[in-house]
Structure formats: structure tokens, C-alpha cells
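Asks: what's the 3D shape of this:
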Amino acid sequence: MALQPKPYKRPGFWARLASGNPSEAQLGYLLLVPAFTVLALVMLYPILNVVWKSLHYEKLNNPARGTPFIGLENFHDMAWGEGLRWSVTHLLVWRLLLLGGVAALWATVRRRARGQAVGWTVLLLAVWALLGIHPGAEGEWNDPRFWNAFGVSLLIIVVSVLGSFVVGLPLALVADIKTRWRWLVRVALLLPWAMPPVLIGLMFAWLFQDQYGVVNDLLRRVGVEGPIWLARVVPAIVAVNYTLIWKTSSFVGLVLLAGLQSIDRGLYEAAEVDGASVAQRFWQITLPLLRPAIAVALIFRTLTAIQTFDVPFAMTRGGPGRALETLGIYVYNTTLTLDIGYAAALSVALFLLSLAITVFYLRWIYTE
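Replies: Numbers count the residues shown, from 1 in each chain. The predicted structure follows:
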């Protein structure tokens, strides 16, 4: 009986590595090991350490109790309350979120993407149910400062991100025009982004100073008495968001400018030959091809908006009162009270919010 030849068995990862003849893919993985090791040390360990601390009681001003494990008690104290009831119409911000979800669901259905429509429906119902929970007439949140900071952060995200995009897109279009002075426009576009945020906050705090500030001085020259910008809630919100838009619209403009330069100019020439107007070329060519750059700009801008700390802290220190106490400022203030466990729980909540928004943007980028 003739012996059957053994089938060829491809050597595994460790076998090829031990033989000293790794494949190109294996060599690539090996070259990435040092970088991933550094990332694990400088990123993964701090994240895991913060998560671990958020599950423990740790107050540096109460060392006698130690650091016992308390599970999710910090998160319960942060996000829950007594006497809660459900109603989705009690706050304008929840209605706006609901309206945005309905608009996204409608756009998905129009594209006939049934799987995405189901996902949007589930997400919309979950957000609707969760955000509709609030204290009744006799109820209260365990930590109303957290929900105040959460609402302030949402307001800054919506206003400053949309504002920086609305301002940054025209700046990018102007910087992309081929003129002799184009380099000067790009330098002017770069300067606000390159300036330190704390310096910008202090500079605009002086500009919005009620007695000697430039803004109120200009208003007086036209016969209008300016408000006390940084000592009233609504004017302070307007001033801080204006400052954030001025600071960050240049970054959005630079990212969109890079996207504009990657678009093939032949497409515009062909569209012009076909009789397309400037508006048609913008809506049919520029915006669709600029979508990846828009997504990248919005991702980074939203993440920085979530973590906003320096500008409002430099201008008002989170005031007046707690009108501009963002989640980042609240984490800072909680840490100063030496409540490390609760500050860690707030940081985890901030991280989860950033992660959720990043996943949403990435899904948007890779959706046809």
C-alpha cells in the first residue's frame, strides 16, 4: 500500500517567528509592539486606574475610612436621585435631542437603509426613555451639579461645534482661492489655533470687560449700553461661546482646507463645461467630497468641546454661579475637595460620553 503524502501545513505565527523567518505581516506586528507598549503605559494604565478608583471610596481628607470597594455607588450618587418620574417634555434640550434623532431616522429611511433605520429607532427610544427621567415636584437629583455641568457641556458642544463649522467652512473656501496673497490668509487662519487657550480666555475676558472692554466701548459709540458680560448668565454664555468659536473655527478651517485641496480640480472644470452654477458645484461636488474632512473636523472639535475647561475657567471660573461649570471644571473642583473616588467617576462619565460621540461620528464616516 502506497504511503499517502502528508498535506502541507502552513507554519503558524510562533513557528515562523522561532525559525527566524517571519512573514511581512508578522514583521509589521513586531515593529508595532514598542509603540503599543508605550501607548499601554501612558494611556491604558491611567484609564484602568481611573476606572478602578471610581469603584472605590477614596477621600484624602478622611483617611480613617480607607479606600473600600463600593461598586457603582459613585455613579448612582452622580446620575440618580429621589422621587424621579418620567416625562420627555420637561426640558428644551431633550426635545432638541429628540428632534435631531427623528431627523436622522427620517434621513436614514429615505436612503432605504433598513438596518440603520432599526438601529436609529432603538437608539432614539432608548435616549427618549433615559433623558425623560427627572425629579418630580418633591424629588431631587443626588447631585444636581452633575446635571448642571452635563447641560452646560451639551450647550457648549452644540453651539461651539456648529458655530466653528459655520465659520470655518467659509474661511477654508477663502483660503483655497488661488490669489497672490493666499499665504497671508492661511497665516491669519493659523494664528487663533496656535495661540494658547488660557491666553485667549484672558484676552477675551478683557475685551468683554463691562467698563473698559473694547466690546462695550464700541457699543457705547453707537448709542447702545452694553451688558455686564461676565457677571450675567446669558451674556456670559454668549461671550464664552463666541470666544470658543473664534479659537476653534481656525482649526476646522485648516482641516477643511486640507480636504478641499484633495479634490480633483478636473471635476469643477467638467461641471463648469456642463453649465453648472457655482452653487451647484458647491452642493454637488464640494460638500459630498468634503464629507470625510468634515467628519474628522467634527470629531476632534466635539471631543475638545466635551473636555472644555481652559477658556471658561480663564474667563469666568465656571461662573457666574455655576452657569458655565462644564464637566471638566466640575471634575477639577471635585478633585480640589479631595474626593478622588467621585472625581474619578465623573472622569469615567466624561470618557464614556466622548467615546459614544466618537463611535457615532465613525459610523457616519464609513456609512455609504
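
Asks: please make it C-alpha for all contacts and neighbour counts, starting now.
Replies: Will do.

Asks: mean confidence score for the one helix or strand residue 49 maps to?
Replies: In the assignment (DSSP states H and E), residue 49 maps to helix 45-54. When the per-residue pLDDT values of helix 45-54 are averaged, the result is 88.

Asks: so which elements touch it?
Replies: Under the contact criterion of 3 or more C-alpha pairs under 8 Å, 6 or more residues apart in numbering; DSSP states H and E, the helices and strands touching helix 45-54 comprise helix 340-365.

Asks: pull out the buried positions in the helix holding residue 49.
Replies: By neighbour count, and taking 16 or more other C-alpha atoms under 10 Å as the criterion, the buried residues in helix 45-54 are 47, 50-51, 53-54.

Asks: can you dump the C-alpha atoms of that helix in CSV for me?
Replies: Below are the C-alpha coordinates for helix 45-54, written out as CSV (Å, rounded to 0.1, in the frame of the first residue of the first chain):
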residue,chain,number,x,y,z
TYR,A,45,-2.9,52.2,32.6
PRO,A,46,-4.3,55.6,33.5
ILE,A,47,-7.7,54.8,32.1
LEU,A,48,-7.9,51.5,34.0
ASN,A,49,-6.6,53.2,37.2
VAL,A,50,-9.3,55.9,37.0
VAL,A,51,-12.0,53.2,36.4
TRP,A,52,-10.6,51.3,39.4
LYS,A,53,-10.7,54.4,41.6
SER,A,54,-14.3,55.2,40.5
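
Asks: what does the following helix or strand past it contact?
Replies: Moving toward the C-terminus from helix 45-54, the next helix or strand (DSSP H and E) is helix 73-79. Counting by C-alpha atoms under 8 Å, 6 or more residues apart in numbering, the neighbours of helix 73-79 from elsewhere in the structure are 54-55, 141-143, 146-147, 341-342, 345-346.

Asks: number of nearby residues for the residue lying closest to residue 59 once chain neighbours are set aside?
Replies: Residue nearest to residue 59 in three dimensions, not counting chain neighbours: residue 339, with 4.5 Å by C-alpha to C-alpha, 6 or more residues apart in numbering. As a burial measure, residue 339 scores 18 neighbours (other C-alpha atoms under 10 Å).

Asks: so who does residue 339 touch?
Replies: Under the contact definition (C-alpha under 8 Å, 6+ apart), the residues listed for residue 339 are 58-61.

Asks: between all of these, which two are separated the most?
Replies: Of all pairs drawn from those, the one with the longest distance (C-alpha to C-alpha) is 58 and 61, at 8.9 Å.

Asks: show me the helices in the stretch 251-368 of the chain, by range?
Replies: Taking DSSP state H, counting those that start in this stretch as the criterion, the stretch 251-368 of the chain contains helices spanning 265-273, 278-281, 287-289, 291-306, 310-316, 327-336, 340-365.

Asks: tell me the helices and strands packed up against the last one.
Replies: Under the contact criterion of 3+ C-alpha pairs under 8 Å, 6+ apart, helix 340-365 touches helix 45-54, helix 73-79, helix 291-306, helix 327-336.

Asks: weakest of those by average pLDDT?
Replies: Set side by side, the helices and strands packed on helix 340-365 show their lowest mean pLDDT on helix 73-79, which sits at a mean of 81.

Asks: if you count neighbours, what's buried in it?
Replies: Judged by neighbour count (16+ other C-alpha under 10 Å), helix 73-79 contains these buried residues: 74-75, 77-78.

Asks: likewise stretch 242-258?
Replies: Counting neighbours by 16+ other C-alpha under 10 Å, stretch 242-258 gives 242-257 as buried.

Asks: out of these, which is nearest to residue 153?
Replies: Taking the buried residues of stretch 242-258 together and measuring to residue 153 by C-alpha to C-alpha, the closest member is residue 244, at 12.6 Å.

Asks: what does stretch 220-239 contact?
Replies: In this structure, residues lying in contact with stretch 220-239 by C-alpha under 8 Å, 6+ apart are 205, 208-210, 215-216, 219, 315-316, 319-320, 323-324.

Asks: check stretch 302-309 too.
Replies: Surrounding stretch 302-309, the residues in contact under the criterion C-alpha under 8 Å, 6+ apart are 153-154, 156-157, 160-161, 326-329, 350, 354, 357-358.

Asks: please redo it, this time with the cut-off set to 10 Å
Replies: Applying C-alpha atoms under 10 Å, 6 or more residues apart in numbering, the set of residues contacting stretch 302-309 from outside is 150, 152-162, 197-198, 244, 248, 296, 298-299, 317-318, 324-332, 350-351, 353-355, 357-358, 361.

Asks: list residues touching both of residue 58 and residue 61?
Replies: Between them, residue 58 and residue 61 share the neighbouring residues 338-340, with contact defined by C-alpha under 10 Å, 6+ apart.
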